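1. whatever this is, show me its structure:
(2 chains)
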Amino acid sequence: MGAYLTRRLLIAIPSLLGISLILFVVLALAPGDPFSELATNPSVPPEVRMALRAKFGLDDPVMFRYWHWLVAMAGGDWGFSFQSRTDVAALILGRVPTTLFVVGSSQVLALVVAVPVGIVAAVRPYSLFDKVANTLAFAGFSLPTFFTGILFILVFSIQLHWLPFVYDADIQATGFQWYWLHVKQAIMPVCVLGFFQAASYTRYVRSAVLDVARLDYVTTARAKGLADSTVTLRHIARNGLIPVVTLVALQMPAVFGGAIVTEQIFRVPGIGALLINAMLSNDTPVVMAVTFVFACLVVLFNLIADLLYGWLDPRISFG
Amino acid sequence: MTAPLLDVQNLTTSFRRDGAWREVVHGVSFTVNPRETVALVGESGSGKSVSALSLMRLTPRDSSRSGGRALFEGRDLLALPEAEMRKVRGDAIAMVFQEPMTSLNPVLTIGFQIAEGLMLHRGLTRDAAEAEAVRLLDRVRIPAARSRLHDYPHRFSGGMRQRVVIAMALACRPKLLIADEPTTALDVTVQAQILDLLKSLQDQEGMAVLFITHDMGVVAEIADRTVVMRHGRAVEAGDTAAIFRGAEHPYTRALLSSVPRLGSMAGEPRPLRFPIVSTTTGAVDVPPALPDTLKPADRPLLQVSGLTTRFDIRGGLFGRTRGRVHAVENVSFDLRAGETLSLVGESGCGKSTTGRSVLRLIEPAAGSVLLDGEDVLKLGPAALRERRKGMQMIFQDPFASLDPRMTVGKAIAEPILLNRLGNRAEARERTADLLARVGLSPDMAGRFPHEFSGGQRQRVCIARALAVRPRLIVADESVSALDVSVKAQVVNLMLELQASLGLAFLFISHDMAVVERVSHRVAVMYLGEIVEMGPRAAIFGAPQHPYTRRLLAAVPVPDPARRGARAALSVDEIRNPIRALDYLPPERRYREVSPGHVVQVWGEDWEPARPAAA
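-> This next block holds a predicted model:
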């Protein structure tokens, strides 16, 4: 186990270096200039612009800049945002709580819906419940979030006036009211994301559980005289959900990375929104930091998924 | 006359498929008396397993229904409320299933799985139930039961798992044990151990056993009475000895005649086809003797020498090789055109790996494989593809070895087109010819594999193998998965093809009775090595090596009169062939006991050497 973990972490180093190099080069070669705004502004002389470029090292060779970035990153310096004139680290950390709250809640909602629905649908295949669940799940992941999001806004905000449709991270309220306003404005994005995710989870859980439900040891368990609920929970669900755990673990980077489309629709100031704004304004240090952090999270959660797998399934050993 | 323990009257079972109910068991009646063993025997699709599952009400609730009555100690199992039925299951009636590899939950310890039923039906605490589980594991003779209680199923071999499953079934001292093909998936020596175990446990516990099987040899070993099922009906029932002496129904007679019997070939010089008995009239078709397919030739078609195949086991921080599986170790044999050499042995002995290494489907570590004097192991990729036309393989599972989305005609034509042996029209013509040759009709070429039965699919696989006009066919357990009557037909087909095409077969099988029927020569493998090889008559008539003797002794004899003649078997497990990196295989010596019959000289680890039979 210790050796396995060490080996996996050692393998992660070259892959992360490779990822960062590719990201950096692609961003450096991409057209666009963070100071293009200054170029069109007649009150800024070209010399100032050139001086700025030189100051931020934009005219150096790519490999030199990459090395520079790498050393800084290793020392904990994530770079400086051209756009907002602040440290990238502060920028990202400021967005993390909102993203964690909104996207994390939506994942929890998705699991709370998908696991029981998927299990019940699989235990009674082709029953009325199964058919209804299947139809809804199909509709759920066929509808993109920008469609359901706008639909929600139309119905709940504009028609019914129940919920606000612009997310406000700096709510000016105290005590219980503060919590309530936060929850209220999160309901729509959480539901839109959660139901979309729940739809695909449901189908996955259903097929995973269905595969297990027809295995011999399930019949063996029933032949022991166990009640259906015991058989389902102890013998079917426990085995059927092992692959689902992996799937969920692999979704976790997205919880930190944010949901670009949904965050845009509801104006949620999360990581996804930060990334898209940085891209639009050629703010490469932010784009680089966000995508690289995302890559690290993917590698990390892949490892966690594999370790979880070994813990849940005694047949897997880490030799 | 005591009242029967289980009295099944006119049992019917239907399944719903595509909205329509289809009856698969049509009014089956039989009884099981206390302490009695009743065999329910039939081929696949005869409804024997479905009948058993219906009695336990374990068929899918929403898509199946049962009719008739099943009186167990006077109560009708089919009419009990579900809650009452649950109290019967696992308590008064327990069940053992076929596949020991899948009938245990992989994520729960065996101790918990045995204790589960005890906690439920006897209200024991976890500790008390686990103490009882240790006692049960001792009873099914699992070594070091206490220390293995908290092990997961994957740490046990197939035979050991089946013991665990039996321990689980015996937990609440059932009055009736329903055993659904409990030994079918096991090696023959392990099967003999499990049958012995079931018999002795039955005597001790005084329980009745309903034994479901397709194997007449097993029936003869174990059953007091036998019910023969076919197409969902019980066609014949009676005393096992009486049925074997003189069956009334033609189907029973057909079934019995197609059972390969060990020793039935004594005095026959050449392989022999199985007699085919008509299942409707009972008329016997006595097969004409096959011509001698062996021709004197200067050199054998296939010469294998010193073949060694090993698999690395990796581990540790940098994935270094830590050990090796010595799957095939210094194996040498010859095979002439028109000859059948059988490789026999138990699972894990390396017989399949040998077959695959010969075709270079697995890359061997050392040795040479001469096909017509040319070393297959030294060929480059292009030459290897060219040479592979001369050697083809037929696999065990006819369901998995055909692409379900390709018509059988395309499957057979594919090797012809890939090897540029003809254009499309020629391939089509040859496909029709091949289908006719394997006993199918040429107009079946447009059908998909799922439209065929298992036996027909295996015929398709044979036709596909023949498409490139090979001279050597490696048949890896090719008839093992087939029902007895179908098995007889496919074996007959292979023998006829050998006679007409002069094919050489490397016949890999664990089924000693079929091997006796088809082989010219036999090689017995154990732990990757050939321990004994010789003419079929010598191996079966005068086996020398202790392992060959043990293998032959374990084969169930389809004759109730000879029951119990078998010597008691030990609880030995096959040892595993995993070795350390620096392991040097011991130098083996062989002695020739009669012309062509060689035996490995065995050491102390086998029983003290007996004097060789004269």
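
2. so residue B:369 makes contact with residue B:358?
-> Yes - with contact defined as C-beta atoms under 8 Å, residue B:369 reaches residue B:358; the gap is 5.4 Å. (Each C-beta comes from the backbone N, C-alpha and C, glycine too.)

3. shared neighbours of those two, anything?
-> Both residue B:369 and residue B:358 are contacted by B:302, B:304, B:307, B:376, under the criterion C-beta atoms under 8 Å, 6 or more residues apart in numbering or on different chains.

4. Throw those residues into JSON lines and include distance to residue B:287 and pLDDT, thanks.
-> What follows is those, written out as JSON lines (distance: C-beta to C-beta, whole Å; pLDDT from 0 to 100):
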{"residue": "B:302", "distance to residue B:287": "28", "pLDDT": "92"}
{"residue": "B:304", "distance to residue B:287": "31", "pLDDT": "93"}
{"residue": "B:307", "distance to residue B:287": "35", "pLDDT": "93"}
{"residue": "B:376", "distance to residue B:287": "35", "pLDDT": "89"}
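
5. mind listing what residue 300 touches?
-> Picked chain A for this. residue A:12.

6. chain B is the one I meant
-> Going by C-beta under 8 Å, 6+ apart, residue B:300 touches B:334, B:335, B:336.

7. of those residues, closest to chain A?
-> residue B:335 (39.1 Å; C-beta to the nearest C-beta).

8. can you tell me the strand partners of the helix or strand hosting residue B:341 and which way each runs?
-> Using DSSP states H and E, residue B:341 sits within strand B:340-344. Within its sheet, strand B:340-344 is paired with strand B:504-509 (parallel), strand B:521-526 (parallel), according to DSSP bridges.

9. that older thread, out of residue B:369 and residue B:358, which sits in the busier spot?
-> Between residue B:369 and residue B:358, counting by other C-beta atoms under 10 Å in any protein chain shown, residue B:358 is the more crowded of the two (27 against 22).

10. can you tell me how far the more buried one is from chain A?
-> 31 Å (C-beta to the nearest C-beta, to the nearest Å).

11. I'd like the next helix or strand past the strand holding residue B:341.
-> In N-to-C order, the element after strand B:340-344 by DSSP H and E is helix B:351-358.

12. need the residues that contact that following helix.
-> Against helix B:351-358 from outside (C-beta under 8 Å, 6+ apart): B:302, B:304, B:307, B:309, B:327-328, B:331, B:343-345, B:362-364, B:369, B:376, B:391, B:393, B:474, B:476-477, B:506, B:508, B:525, B:528.

13. with just CA atoms, put it into CSV.
-> Extracted C-alpha coordinates of helix B:351-358, given in CSV (Å, rounded to 0.1, in the frame of the first residue of the first chain):
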residue,chain,number,x,y,z
LYS,B,351,-2.8,-27.5,-21.0
SER,B,352,-4.5,-24.5,-22.5
THR,B,353,-1.3,-22.4,-22.3
THR,B,354,0.5,-25.2,-24.1
GLY,B,355,-2.1,-25.1,-26.9
ARG,B,356,-1.9,-21.3,-27.2
SER,B,357,1.9,-21.4,-27.1
VAL,B,358,2.0,-23.8,-30.0
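
14. that helix: what's the following helix or strand?
-> Assigned by DSSP H and E, the successor of helix B:351-358 is strand B:366-371.

15. off-centre distance for the helix or strand following that next one?
-> Remark: after strand B:366-371, the chain's next helix or strand is strand B:374-375, criterion DSSP H and E. Distance of strand B:374-375 from the chain centroid (C-alpha atoms, centre = their mean, to the nearest Å) equals 34 Å.

16. now do the buried residues in the helix or strand following strand B:374-375.
-> Once the chain leaves strand B:374-375, the next helix or strand it forms, by DSSP H and E, is helix B:381-388. Neighbour-count burial for helix B:381-388 flags B:387, B:388 (criterion: 16 or more other C-beta atoms under 10 Å in any protein chain shown).

17. dump helix B:381-388 to PDB, restricted to CA.
-> The C-alpha coordinates for helix B:381-388 follow below in PDB (Å, rounded to 0.1, in the frame of the first residue of the first chain):
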ATOM      1  CA  PRO B 381       5.200 -11.400 -38.200                       C
ATOM      2  CA  ALA B 382       4.400 -11.800 -41.900                       C
ATOM      3  CA  ALA B 383       5.600 -15.400 -42.100                       C
ATOM      4  CA  LEU B 384       3.800 -16.300 -38.900                       C
ATOM      5  CA  ARG B 385       0.500 -15.100 -40.300                       C
ATOM      6  CA  GLU B 386       1.200 -17.200 -43.400                       C
ATOM      7  CA  ARG B 387       2.000 -20.300 -41.300                       C
ATOM      8  CA  ARG B 388      -1.000 -19.800 -39.000                       C
END
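
18. quick check: next helix or strand after it?
-> Downstream of helix B:381-388 (by DSSP H and E), the next one is strand B:391-394.

19. what is that following strand packed up against?
-> Strand B:391-394 sits against helix B:351-358, helix B:454-466, strand B:472-476, with contacts defined as 3 or more C-beta pairs under 8 Å, 6 or more residues apart in numbering or on different chains; DSSP states H and E.

20. in strands, which of the contacts of residue B:300 fall?
-> B:334, B:335 (DSSP state E).

21. can you pull out the helices in the stretch 51-200 of chain A?
-> A:62-74, A:88-123, A:128-142, A:145-152, A:175-213 (DSSP state H, counting those that start in this stretch).

22. mind putting these in JSON lines, mean pLDDT, mean neighbour count and distance to chain B included?
-> JSON lines is the format used below for these (pLDDT from 0 to 100; neighbours: other C-beta atoms under 10 Å in any protein chain shown; distance: least, C-beta to the nearest C-beta, whole Å):
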{"stretch": "helix A:62-74", "mean pLDDT": "85", "mean neighbour count": "14", "distance to chain B": "24"}
{"stretch": "helix A:88-123", "mean pLDDT": "88", "mean neighbour count": "19", "distance to chain B": "10"}
{"stretch": "helix A:128-142", "mean pLDDT": "89", "mean neighbour count": "15", "distance to chain B": "10"}
{"stretch": "helix A:145-152", "mean pLDDT": "86", "mean neighbour count": "17", "distance to chain B": "34"}
{"stretch": "helix A:175-213", "mean pLDDT": "87", "mean neighbour count": "19", "distance to chain B": "10"}
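
23. out of the ones you listed, which is closest to residue B:482?
-> helix A:175-213 (27.1 Å; C-beta to C-beta).

24. just the pLDDT for residue A:242.
-> Note for residue A:242: predicted pLDDT of 87.

25. ugh, typo on my part, it should be residue B:613
-> Predicted confidence (pLDDT) for residue B:613: 40.

26. spell out which parts of the stretch 51-200 of chain B neighbour chain A.
-> B:53, B:56, B:58, B:62-63, B:86-91, B:94-95, B:97-99, B:102-108, B:116-117, B:120-121, B:152, B:154, B:165, B:168 (C-beta under 8 Å from any C-beta of the partner chain).

27. and if we set it to 7 Å?
-> Applying C-beta under 7 Å from any C-beta of the partner chain, we find that the stretch 51-200 of chain B lies next to chain A at B:56, B:58, B:62, B:86-87, B:89-91, B:95, B:97, B:99, B:102-107, B:116-117, B:120-121, B:152, B:154.

28. now do the SS call for residue A:268.
-> coil (DSSP: H, G, I helix; E, B strand; the rest coil).
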